Structure formats: structure tokens, C-alpha cells
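# for reference, the sequence and a predicted model appear below.
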Amino acid sequence: MEEIIINGGHRLSGAVEIDGAKNAVLPIMAAAILASKGVNQIENVPILADVLTMQSVLEALHVRTKFDHQRAKISIDAQHSLSPEASFELVSKMRASIVVLGPLLARLGHAKVAMPGGCAIGSRPIDLHLKGMRQLGARIVQNGGFIEAEACKLIGAPIYLDFPSVGATENIMMAATLAEGTTYIDNAAREPEIVDLAMFLSEMGARIYGAGTETIKIVGVPELHGVDHQVVQDRIEAGTFMVAAAITQGNVLIKDAIAAHNRPLISKLTEMGVKIEEHDAGIRVIGPEKLIPVNVKTLPHPGFPTDMQPQMTVAQLLADGTSMMNETVFENRFMYVDELRRMNAQVEIEGNTALLHGRAQLRGAAVEATDLRAAAALILAGLVADGETRVSQLQYLDRGYHLLHEKLSLLGANIRRSQVAADGTEQPILNVISN
Ligand SMILES: CC(=O)N[C@H]1[C@@H](OP(=O)(O)OP(=O)(O)OC[C@H]2O[C@@H](n3ccc(=O)[nH]c3=O)[C@H](O)[C@@H]2O)O[C@H](CO)[C@@H](O)[C@@H]1O
Ligand SMILES: C=C(OP(=O)(O)O)C(=O)O
């Protein structure tokens, strides 16, 4: 079994580099399907399990890909004839595979994509994606676990989203690029990853206006072409290191971090007494001796990101009093709390709110990640716990962080990743994801 083993109690200091954003690169890779001419060269691509899964999804659609891990660059060639079918095997591995639906439908006129199931954090329906495709004129049937969509020609339309869903905004925006006429997406998601996707599509020749606001206008064009694109930095990885510095009384420069993408986190950490300096070189975070309790509510961007909720609760547990965390985006995102309780955290859950009793004396324990950000939160807890914390189920961590333990180790944490045998002997892990 692979484990990350942490001996807590070390202040973090130094500078850390952040990779490209998982949540930007996945839809960008799917959008590459839209280029009927030229090859896309995507740079600043993180080496993550989810990126490798998306690469397999594209390969299964007969898109040609080449991922140069050394250069963090993937080339995607979709110029030839493609398959319209994304299998259950691949879609069930990663929910985000559903973003191939819009590009396939726009490019081929039909798509057959396995229904993504729910996951640990919620049931995650895709009704808004399908509503959008129908409003663009697609006929959609759900059959044998697949969504089958068909349209000779998509026609631009006004589309209102009941909720600013990130995935639905992306799927609809991609489908609308090749539609006839103009599409408006109202109550669109405004996340920085939507803006990065819109920039990529615009470079490919799409006409997109207003990405990053609540109304996105897409004027359809006849075809798109391959381009070079640099993926935006991962604000959630950056945020995870910001919390790591804040809770360890650390002093860490998160290199090239984009403060504008992390405003709600910066605001909450500042309220907690954390010193945050915004420099040209990045964001410097200096953790105080005592953290002040704060209440936090997750919301769609520009609200506090749900993907930082588990990490933030670790800071709240260390604060000098009681704090609340109110999760409004996903209905089941407190599963990791039971694992934090093993580390002596005092938490009460009432509906979608966690009451976090501060001044926690966290103690090292063997804990299991229950999802991606839960894995990050447990590692953060390990950095400040007395004694040894052993985090397992690292396949969740590998979905969204590359070499987190090495980056933390370079900042001064006592942390290692090992293959641990039944008799307790350890073999260090040198190459986390090899492909
Ligand atoms: C790969 C990726 O980019 N993942 C991110 C994306 O996920 P994802 O795109 O799945 O998140 P959404 O914004 O779509 O989901 C937010 C909420 O809307 C609901 N919903 C969504 C679509 C739909 O058709 N119907 C519906 O009811 C979901 O169940 C959830 O409760 O945004 C989330 C919210 O910021 C982040 O936590 C994820 O990290
Ligand atoms: C929930 C997340 O991702 P996904 O939507 O891919 O499950 C996340 O990145 O925290």
C-alpha cells in the first residue's frame, strides 16, 4: 500500500512552484477535438492521473496525442476522422470526461457518451449540460447507460442555467462555437478556468465574448484550427500551499500565483490574522502564532471555492475559537471529517454546516483519503499534528496534485511517500505517475 508519511511540527519556508490547473486543462484537451485543421500544442500541462485519463479518452475517440512530461506539453491532433463514442470504462474513471459531449456533437453531429455517475462528494447530475445541448437543437436520448446526442446542425440560442455549473457552461460554450448563429449563456459559471477555456477557443478562431461574467455570448463560426496555448496556473494547488504556510507559522512564496483568482481565500486568511503580500513574483504567505476563527461559506466563483473547503477546515480547527464551514455547492463534501476525528479533531456536522471547535491538538494517526481535496486536507493536518500521520488511498491525491510531498519536503516538511509492505517495511516512491 502506498502512503504519505508525515512527522508534524515543522515550519514551512521558501518558495514553491505551482503547476497548470487540472480544471482548466481537462476541458481544454476536450476542446481540441474542435480543431479540424492544424495541431494543438498545449503547454504547462500538469502530470496528473486525470490528465492521463483525458488523454486515454481522446485516444479512444481516435484523436492523436503526445504528452511530453519533461516539457509539460501535450500535442493534440484531431484533423482526421474521429469516433463519436466515449466508453463507460473511461467516463466512470473520471466524471470530467463528460466535457467531450459538446465538442463531439459540434464537430461530428453526433456523440455517444457514457453517463458519468455520482462520486464521493455528491450525486452530480448533468441535467444542465443536456438542457443546453437540447436548446442548441440536439436530440438527446439516454439509453443503456449512454447519452446519445444528435444534430445535423446546432443552432445558436439563448440558454439560461438554473445554477452556474462549471461543466455545463464549458460543454455548452464548446458546442456553440460551431453552431449556426449566436448563443447567449446566462447565469454562466465565472471561474478562471472558464476564462482560460474561452481564451483557448478564441485563439482557435471562435468568437466568444464575456467569459468571466454571468453572460457569455458565442457567435458560431464554420471551423476551428489548432493553436499553441499555455494553461493557467492552478489556483487550488496555490491555495493549498497558502493554507500550508498559514497553519505552520510558515513564510512561503507561492511563485507566480495569481491573487485575482484567489480573492476569497486571501480575504478569509487575512481575517484569520495571516499576513499575505502580493508581489510581482507571486503571493507570500506568513502564518501567525495564533489564527483567528472565521466562518466560511462555499459558493460558485467569485465566492469561496468548494475545492478549498476541506483544506480550509484544517486552518479553522487550529484557530483560537469555534468556526463554521457551510458547504453549499456539493451535498456530501464532509466525508473526510471522520478521518480528521481520528486525529483528535472536534467537529459537529449539522446538515451542510460543520462546526469546527478550534484550538485542536491534532495527533498523528493512520487515515484514508476519501476524495481528492480530502487527501490534501489530511496531509495539511499531518503537517501540524503531534507525531506521525500516515495517509493512504493516494489515488485520489494523484488526480489533482503532482509531487505534493516533494514540494512540501523542499519547504521543510518532514514528509515522504512510500510503498509500505504488510510487515511495515518501506520502499520510497520515486516516480508517482509514470506513463
Ligand atoms: C473538472 C472540474 O472542473 N471540476 C470542478 C467543477 O466540477 P463540475 O463542473 O462537476 O461542477 P458544477 O459547477 O457543474 O457543479 C456544481 C453543482 O451543480 C450541480 N449540477 C451541475 C450540473 C448539472 O447539470 N446539474 C447540477 O445540478 C452539481 O451537482 C453541483 O452540486 O466545478 C466544481 C465547482 O466549482 C469544482 O468543485 C470541480 O473541481
Ligand atoms: C471535485 C474536484 O474535481 P472533479 O470535478 O474532477 O471531481 C476537485 O478538483 O476538487
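Sure thing, it's come through. Numbering: from 1, shown residues only. Ligands and ions are numbered 1, 2, ... in the order given.
# quick one: pLDDT of Pro116?
pLDDT recorded at Pro116 is 89.
# and it, helix, strand or coil?
When classified by DSSP: H, G, I helix; E, B strand; the rest coil, Pro116 comes out as coil.
# for the closest residue to it other than its chain neighbours, give its distance to ligand 1.
Once flanking residues are discounted, Pro116 sits nearest to Arg95: 4.2 Å by Cβ to Cβ, 6 or more residues apart in numbering. Using the backbone N, CA and C atoms, a C-beta is placed for each residue, glycine as well. Between Arg95 and ligand 1 the computed distance is 6 Å (Cβ to the nearest ligand atom, to the nearest Å).
# ok, Arg95 - contacts?
Pro116, Gly117, Cys119, Arg124 (Cβ atoms under 8 Å, 6 or more residues apart in numbering).
# which stretches of the chain have low pLDDT?
Residues of the chain meeting the criterion pLDDT under 70: 118, 431, 434-435.
# in contact with the closest residue to ligand 2 within the chain, which residues?
Residue of the chain nearest ligand 2, by Cβ to the nearest ligand atom: Asp307 (3.9 Å). Contacts for Asp307 (Cβ under 8 Å, 6+ apart) come out as Asn23, Ile236, Arg373.
# from the contacts of Arg95, list the ones also adjacent to ligand 2.
Cys119 (Cβ under 6 Å from any ligand atom).
# show me how to select, in PyMOL, the buried members of the contacts of Arg95.
Applied in PyMOL, the following selects the buried portion of those according to 16 or more other Cβ atoms under 10 Å:
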select buried, resi 116+124
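# can I get the contacts of Arg95 in TSV with distance to ligand 1?
Listed next are the contacts of Arg95 as TSV, based on distance: Cβ to the nearest ligand atom, whole Å:
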residue	distance to ligand 1
Pro116	9
Gly117	12
Cys119	9
Arg124	4
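# need the contacts of Arg95 in a markdown table with distance to Ser81, can you?
What follows is the contacts of Arg95, written out as a markdown table (distance: Cβ to Cβ, whole Å):
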| residue | distance to Ser81 |
| --- | --- |
| Pro116 | 26 |
| Gly117 | 30 |
| Cys119 | 33 |
| Arg124 | 32 |
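# quick revisit: among the contacts of Asp307, which ones are in helices?
Asn23, Ile236, Arg373 (DSSP state H).
# scan those and report the most crowded one.
Within those, most neighbours by other Cβ atoms under 10 Å means Arg373, with 27 neighbours.
# and the nearest residue to that residue once chain neighbours are set aside, what element?
Leaving aside its chain neighbours, Arg373 sits nearest to Pro310 (4.5 Å; criterion: Cβ to Cβ, 6+ apart). Using DSSP states H and E, Pro310 sits in helix 309-318.
# which residues make contact with that helix from outside it?
Residues contacting helix 309-318 (Cβ under 8 Å, 6+ apart): 239-240, 243, 246-247, 265, 268-269, 272, 291, 293-294, 296, 298, 304, 323, 325, 327, 333, 336-337, 340, 345-347, 354, 356-360, 362, 373-374, 376-377, 380-381, 384.
# out of those, which are close to ligand 2?
Answer for those near ligand 2 (Cβ under 6 Å from any ligand atom): Arg373.
# buried members of the contacts of helix 309-318 into ChimeraX, please.
A single ChimeraX command selects the buried members of those (16+ other Cβ under 10 Å):
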select :239,240,243,246,247,265,268,269,272,291,293,294,296,298,304,323,325,327,333,336,337,340,345,347,354,356,357,358,360,362,373,374,376,377,380,381,384
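# out of the contacts of helix 309-318, name the ones that lie in strands.
Val296, Ser323, Met325, Gln346, Val347, Ala354, Leu356, His357 (DSSP state E).
# what's the most distant pair in the residues you listed?
Val296 and Gln346 (17.4 Å; Cβ to Cβ).
# circling back: ok, the residue nearest to Arg373 to Ser267 distance?
19 Å (Cβ to Cβ, to the nearest Å).
# which stretches of this protein form helices?
So, for the chain - with DSSP H - the helices run 22-31, 49-60, 88-93, 101-108, 127-135, 166-177, 192-203, 235-247, 263-271, 309-318, 337-342, 372-384, 395-400, 404-410.
# mind putting the ones you listed in CSV, distance to ligand 1 included?
Formatted as CSV, the helices of the chain follow (distance: least, Cβ to the nearest ligand atom, whole Å):
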stretch, distance to ligand 1
helix 22-31, 3
helix 49-60, 8
helix 88-93, 13
helix 101-108, 11
helix 127-135, 3
helix 166-177, 3
helix 192-203, 6
helix 235-247, 7
helix 263-271, 12
helix 309-318, 9
helix 337-342, 18
helix 372-384, 8
helix 395-400, 8
helix 404-410, 16
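# great, nothing more from me.
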